[in-house]
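Q: here are the coordinates; sequence isn't available:
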């Protein structure tokens, strides 16, 4: 169950990372509300998962999922570059997430 919560927390981290762009410096009320809500739920899910998972593993997986999602959505939504080097780095992050899941 902790891994499931951690995965959801990571997805919400992706959501709030992307949401920050839409808040325009927290000047737009609806995107700000959605972003802050995603932040709060993401942190709560992370803290719940940390009750049983090691802190280092949980935090690394949470940030890894968020970073991977932010890069992918940045490419899709904001036409950020999808260079082979960037994609290789994202693949390395995903490999690290899988490795942490397998060993811990």
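A: Now that the structure is in, tell me what you want to look at. Just so it is clear, the model here is predicted, and its values are computed rather than measured.

Q: Show me which helix runs longest in this protein.
A: helix 55-78 (DSSP state H).

Q: avg pLDDT for the helix or strand hosting residue 18?
A: Counting by DSSP states H and E, the element that carries residue 18 is helix 2-23. Mean pLDDT, helix 2-23: 97.

Q: so how far is residue 63 from the nearest residue to residue 104 once chain neighbours are set aside?
A: Leaving aside its sequence neighbours, residue 104 sits nearest to residue 57 (C-beta to C-beta, 6 or more residues apart in numbering; 5.0 Å). Bear in mind the C-beta positions are built from the backbone N, C-alpha and C, glycine included. Noted for residue 57: a distance of 11 Å to residue 63, by C-beta to C-beta, to the nearest Å.

Q: Tell me which of these two has more neighbours.
A: residue 57 (18 against 15; other C-beta atoms under 10 Å).

Q: That one and residue 9, how far apart?
A: From residue 57 over to residue 9 (counting by C-beta to C-beta), the distance is 13 Å.

Q: ok, now residue 46?
A: 4 Å.

Q: Spell out which residues are contacts of both of the two.
A: Jointly contacting residue 46 and residue 9 under the rule C-beta atoms under 8 Å, 6 or more residues apart in numbering are residue 62.
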